[in-house]
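A.B. asks: pasting the sequence and the predicted model now:
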Amino acid sequence: MTAADVITAWDRADPDAIHPLRRVSEAAYWESGQVQADMLASVIPGGAKVLDFGCGDGRVATPMAALGYAVTAVDSSQRMLDRLTDRALDVTTVQADADGIARHLGRRRMDAVYALAVLIHHSWTDCLHIIGRLRAATKLGGILVLDWPLSQTPEEADSWIGVTTWSRQQQDDACQRIGLEPVDSGLPWGVYRAVKAGG
Ligand SMILES: C[S@@+](CC[C@H](N)C(=O)[O-])C[C@H]1O[C@@H](n2cnc3c(N)ncnc32)[C@H](O)[C@@H]1O
């Protein structure tokens, strides 16, 4: 799957595909976003300018804004962003892929960036490209939270809804090259501080 294939598939996807809890109930779906926003708040300083990459219809971006973060929600799918805007007027929305973020930010940098259930659908090469763009959007010393799963038997997703997994060595090499320093957090995602690349 190329990034373009993943983007096209998600733009056409039924909103039910975003999270398994949506098939349980709308309440359970939004509650899961609140729980994950509270988890993010344990590593992202209050009031920070945060970028939610691949925000979908705002499952996590909406409660993040309610917690007082200044949220910029980025998604390649305008349909997803329209659903988000229906619920959360105080979230800035940007229709873009990872390459479009720099156009929106200009010289500004975010205090924190998170990407949940997005990188997992991309190939190793595309994922590394996206993480590089997310790192470039983050100020030095800022926080990145990446849903970037490890496995003893890493493999690439074979469909837009599949999951790509990584070896520890692949991730360590990528962190060094891109400028990410792992942070101990207890969260089920990778948490990193933005540092100079190769440092
Ligand atoms: C599984 S949904 C997750 C939504 C949200 N992060 C959540 O956890 O509820 C994946 C979202 O990422 C977006 N997406 C996937 N690949 C993308 C890319 N390369 N650039 C921008 N958005 C992307 C899709 O349009 C979709 O809205």
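C.D. replies: Nice, thanks for sending it over.

A.B. asks: quick one, phi psi at the residue positioned nearest the centre of the chain?
C.D. replies: Centrality entry for the chain: nearest residue to the mean C-alpha point is residue 115, 0.9 Å, by CA atoms, centre = their mean. The phi and psi torsions at residue 115 (degrees, to the nearest 10) take the values phi -140, psi 110.

A.B. asks: for the nearest residue to it once chain neighbours are set aside, list each beta-bridge partner.
C.D. replies: The shortest distance from residue 115 to any non-neighbouring residue, by CB to CB, 6 or more residues apart in numbering, is to residue 53 (4.1 Å). C-beta: built from backbone N, CA, C; applies to glycine. Under DSSP bridges, the beta-bridge partners of residue 53 are residue 74.

A.B. asks: ok, residue 53 touching residue 110?
C.D. replies: No - with contacts defined as CB atoms under 8 Å, residue 53 does not count as touching residue 110, sitting 10.0 Å away.

A.B. asks: of the two, give the one with the bigger neighbour count.
C.D. replies: Higher neighbour count among residue 53 and residue 110: residue 53, with 28 against 23, using other CB atoms under 10 Å.

A.B. asks: picking that back up, which pLDDT value goes with the residue nearest to residue 115?
C.D. replies: Per-residue pLDDT puts residue 53 at 98.
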